[in-house]
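Novice: Here is the input, now give the coordinates:
(2 chains)
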Amino acid sequence: MFLAIRELSFARLRFALMGAVIALIAVLMVMLSGLSVGLVRDGVSGLQNLPVTSFAFAHDVQRDSAFSRSVVDLSAVDEWSAQPGVAEAAPFGNTLVNTRTDRGTEIDLALFGVQPDSFLSPSVSQGERLGTEDGIVVSPTALDAGLRMGDTVTIDRLGTRLRVVGVTEQQDTFGHVDVAYVPLAAWQAIKSGTAPGTALPQRAATEITAVAVRADDGKSVDLSAGDTAAGTESLTLKESYGASPGYTAETTTLQLIQGFLYAISALVAGAFFAVWAIQRKPEVAVLRALGASTGWVLRDALTQALVLLAAAVAVGVGIGLALGALITGSGIPFALSMPSISAAGVGLVVLGLIGAGAAVIRITSVDPATALGGNR
Amino acid sequence: MSSRPAPTASTASADDAPERLGLVMRAVSLRHGNAAETVQALDDVDLTVRPGELAAVVGPSGAGKSSLLAVAGGLARPDHGTVTVAGQDMTVPSRRTRTELRRRHVGFVFQSGNLLPALTAADQLRLPLRLGPRSQRSGRDPLELLADVGMADKAGRRPHQLSGGERQRVGIARALVTEPSVLLVDEPTAALDRARSHEIVQLLAHEARQRSVAVVMVTHDHDVLQYCDTVYEMVDGKLAASS
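Specialist: Next up, the predicted model:
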C-alpha cells in the first residue's frame, strides 16, 4: 500500500486515463443494467406481480409463445385445485388487443382475464376493484399513455366497450404493453371474437389460457403429477417469463452485451497492468534487492489495481446513476436497480482484478540481480 | 530507532570475532550460462571485510564484480563455497530466507542511486523499513539519516528533482536506514563528476567507520581508491589483493 498509493499519485495522469476507460465501461454497465431491468419490467412485470407460483398451459404448447397459443379447458382448474400442496388455482386468460378511447387516444392493452373473486384479482391504488361486467383495472403506466379513470375504451374491429374503473398499485406490463385486468367472462367473449350483444358460444365459455396455481406457503407442488391429472403442461412463474413476447431475445441480447463488457473490462485492466508491470521491472528488481518478498511486491501491485478499479467503477457508477435518473420516466424502458448495479460493479472490479492479477504475476519472475551492473 | 552498537574487542568471543560480524566469503565459485557455453563469473573467491572496513573491488567490465555483489548479498547462490553476513549463511537454498537475511543484514547502493521515481527522498528511506513484517520494522529515523548525508533540506524532493550526487547520497542513506551489517556498493561514482565522486566515496568511508558497517564497493574509478582501507582486483572471476 505504501508504494502503491504513492505511485498512483505520482503517475496520476497515466492512471487517470486508465481509470477513465474503466469508468466508461462502468457507465455502460449501469446503462445496460438499467435497460435490462427496464425491459424485464416492461416485459413481464404483469406476471411478476401475480401471486402465482406456476401456470398450467395446454399440453405440448410451444413454450416461447405459450400465453398466446395455449387453450386449456376450465375443468383443469378443479383438477389443479385438488393437487397436494396447491393453495389455490384459478383460471387465467391472456390476449393482446388494440383499443381506442372515446377521446381518440389509441392504446394497446394486454388483457388479463381473471375471475373478480379469485386470488388473481388485483388490488387498486385508485378507483374500485374488478367486479362490474365491463369494468377493467389498468396499470398506472396506461395513465401515462393517455388513459384516464372513467374512460371507455373500444376494442378495434370487435367494438367491445370496456370502462376503466381502477388502477393497479404498481406497473403491470406484459410484452411492453400495459396490462388491463378484465372479468374472465368479458375476456372469453373478446378472445372468441364474440361481438357485443351476441351470446357467448358454449365452447368459448369453457376456454382459458392457463390455470394459475399458487402453492401453499413453503410447499412445493408436484407439477408433473398435476399435469398428468389435468392434461396440461406447467411452467413455473419464472419459466413463464420466457413465454412473454420478445422476453428471451431481449434478455439474452443484453446479457450477451454485459458479458462482453465484463470480458472487455478484464482485458483492458489486464493489458494496462501488463504494460505497467513490464515498465516497472527495473523498479521491482530494486525492490527485491532491497529485501521485498514476492508476496509484498504482488500485494502492492494488486492493491494498486484494486484501488484504481474500485475508484474508477465508483465514479462510473455515479455518472451512470445520474444519467439513468435523467432517462428514467422518459419513455425508454429503463429502471435503476441497486442490487443489479451493485452486482455489476462488484463484477467489474473482480474481473478487472483477475485481469490485472494475470498481468502482474509476471513481476514474480524478475531477477533482483538485474538491479546491479548498470542494467537500469 | 537506535543505532546498532559497534562490536568491541572485549565482547567478541571466538564465535563472534569481528570479521564474522562483517562479510566472509570462502572458496566461492559461480558459473553463468548453459552446458554449451559457460562463463566462470567467480573462481574460488575468498574475501573478508570487517565491520568498519571499506573494501574496493576494481577490474575490467565482465570480470565478475557484479556477480560478487550478487552472491555476497544473497541475490544469487554460488555453485560452491560459503558466504556469511553477520554470521548468517547467505547461500541457503530458500529464496525467501535469503530475502529476509538480505532485508535484515545487507544494504545495497546501486549505480545512479536506482531510486524509485514515485517516492520523495524521505519516502525512499521509509520504504525499506516497510518491506518486512511489522514486528521487524526497526531502523534509523529517515529524516535524521537524510540530515546526516546532507540532504535534510531535500527530503520532499523526488529523484528527478535531485542531481546525480544527491541521488547517490539518498541511495546511501536508503541502504543504511535498516542498520545493515554489510553495505554492497555498485559503481557509486559511475554517473558523477570527479568532485562529486570524491564526496560520495568520502561519505561512504565515513559512514562505514562511524556505523561499523563492512562495505564492499565495486568501482572503475581509481581516483577514489585513496579513501578505501583495502583494494582488490578482479580479473576473470578471480579476486586478488591489489598491489
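
Novice: show me what contacts the residue in chain B positioned nearest to chain A?
Specialist: Chain A sits closest to B:Arg103 of chain B, with a gap of 2.7 Å, by C-beta to the nearest C-beta. To be clear about C-beta, it is placed using only N, CA and C from the backbone, and glycine gets the same treatment. Counting by C-beta atoms under 8 Å, 6 or more residues apart in numbering or on different chains, B:Arg103 makes contact with A:290-292, B:128, B:131-132, B:136, B:178.

Novice: mind redoing it with 6 Å?
Specialist: Residues near B:Arg103 by C-beta atoms under 6 Å, 6 or more residues apart in numbering or on different chains: A:291, B:131-132.

Novice: Residues in contact with the longest strand along chain A: which ones?
Specialist: Criterion DSSP state E: the longest strand present in chain A is strand A:86-101. With contact meaning C-beta under 6 Å, 6+ apart, strand A:86-101 is reached by A:67, A:74, A:77, A:80-81, A:106-111, A:113, A:118-120, A:151, A:153-156, A:177, A:184, A:187, A:191, A:208-214, A:216, A:221.

Novice: which residues touch A:Asp216?
Specialist: A:Asp216 sits next to A:85, A:87 when contact means C-beta under 6 Å, 6+ apart.

Novice: give me the number of residues near residue 174?
Specialist: All of this is about chain A. 26 (other C-beta atoms under 10 Å in any protein chain shown).

Novice: Correction: the question concerned chain B.
Specialist: 32.

Novice: all helices for the stretch 151-300 of chain A, in order.
Specialist: Secondary structure of the stretch 151-300 of chain A by DSSP state H, counting those that start in this stretch: the helices cover A:184-191, A:223-230, A:237-241, A:247-279, A:281-290, A:294-327.

Novice: any idea which of the ones you listed scores lowest on pLDDT?
Specialist: Among the helices of the stretch 151-300 of chain A, helix A:247-279 carries the lowest mean pLDDT, a mean of 87.

Novice: sorry, back to before: between the contacts of B:Arg103, which is nearest B:Leu116?
Specialist: Nearest to B:Leu116, judged by C-beta to C-beta, of the contacts of B:Arg103 is B:Leu131 at 12.2 Å.

Novice: Check the residue of chain B closest to chain A and give its pLDDT.
Specialist: 92.

Novice: among the contacts of B:Arg103, who's most crowded?
Specialist: Counting neighbours by other C-beta under 10 Å, the top entry in the contacts of B:Arg103 is A:Gly291, with 26 neighbours.

Novice: Could you report the distance from that residue to A:Ala230?
Specialist: From A:Gly291 across to A:Ala230, the span is 76 Å (C-beta to C-beta, to the nearest Å).

Novice: Could you tell me which ranges of chain B sit under the pLDDT cut-off?
Specialist: Within chain B, the stretches with pLDDT under 70 are B:1-20, B:136, B:243.

Novice: Return the residues of it in contact with chain A.
Specialist: Contact residues, chain B versus chain A (C-beta under 6 Å from any C-beta of the partner chain): B:66, B:69-70, B:75-76, B:99, B:102-103, B:108, B:110-111, B:114, B:116, B:118-119, B:128, B:130-131, B:186.

Novice: Next up, the contacts around whatever residue of the stretch 1-150 of chain A ends up closest to chain B.
Specialist: Nearest residue of the stretch 1-150 of chain A to chain B, counting by C-beta to the nearest C-beta: A:Phe10, 3.6 Å away. For A:Phe10, the contacting residues are B:Ala118, by C-beta under 6 Å, 6+ apart.

Novice: Many thanks, I have nothing further to ask.
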